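K.L.:
can't give you the sequence, but here's the structure:
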């Protein structure tokens, strides 16, 4: 099986990881648990606003080596449980980087 490359997003947080297409969604939640210290039952993972089933593989959910590449990882939304309910899925847009200096942009030497 091939690896898929994923960017798990929640608010302004982005977690980059990779996994095999044959990995279960639950295994992806365990990766998140290792980073955020929140158990799998307090997480919901989404693809395009669609809740992912813990028992399905990443490949069955549509994450393949063609759709989730190293330089273009697939986005997985993450919502966490707060008390008895789950928060709404919220992914903040990335900020725009500052413009490159003219010399770097066009390859000119400034000196």
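P.N.:
Yes, it's here. Not measured: the values here are computed from a predicted model.
K.L.:
could you say what helices and strands the longest helix along the chain packs with?
P.N.:
Using DSSP state H, we find that the single longest helix of the chain is helix 25-36. Secondary-structure packing of helix 25-36 (3 or more Cβ pairs under 8 Å, 6 or more residues apart in numbering; DSSP states H and E): strand 3-10, strand 13-20, strand 43-47, strand 74-82. Glycine gets a C-beta too; all of them are placed from N, C-alpha and C.
K.L.:
which helices and strands sit right next to the longest one?
P.N.:
Looking back up the chat, that one is strand 74-82. Using 3+ Cβ pairs under 8 Å, 6+ apart, strand 74-82 sits against strand 3-10, helix 25-36, strand 43-47.
K.L.:
so how far is that strand from its chain's centroid?
P.N.:
Computed by Cα atoms, centre = their mean, to the nearest Å, the chain-centroid distance of strand 74-82 equals 8 Å.
K.L.:
Also stretch 62-73?
P.N.:
On Cα atoms, centre = their mean, the centre of stretch 62-73 falls 11 Å from that of its chain.
K.L.:
any idea of the mean pLDDT in that stretch?
P.N.:
Stretch 62-73 carries an average pLDDT of 94.
K.L.:
Show the end-to-end separation of that stretch, please.
P.N.:
In stretch 62-73, first residue to last residue: 13 Å (Cα to Cα, to the nearest Å).
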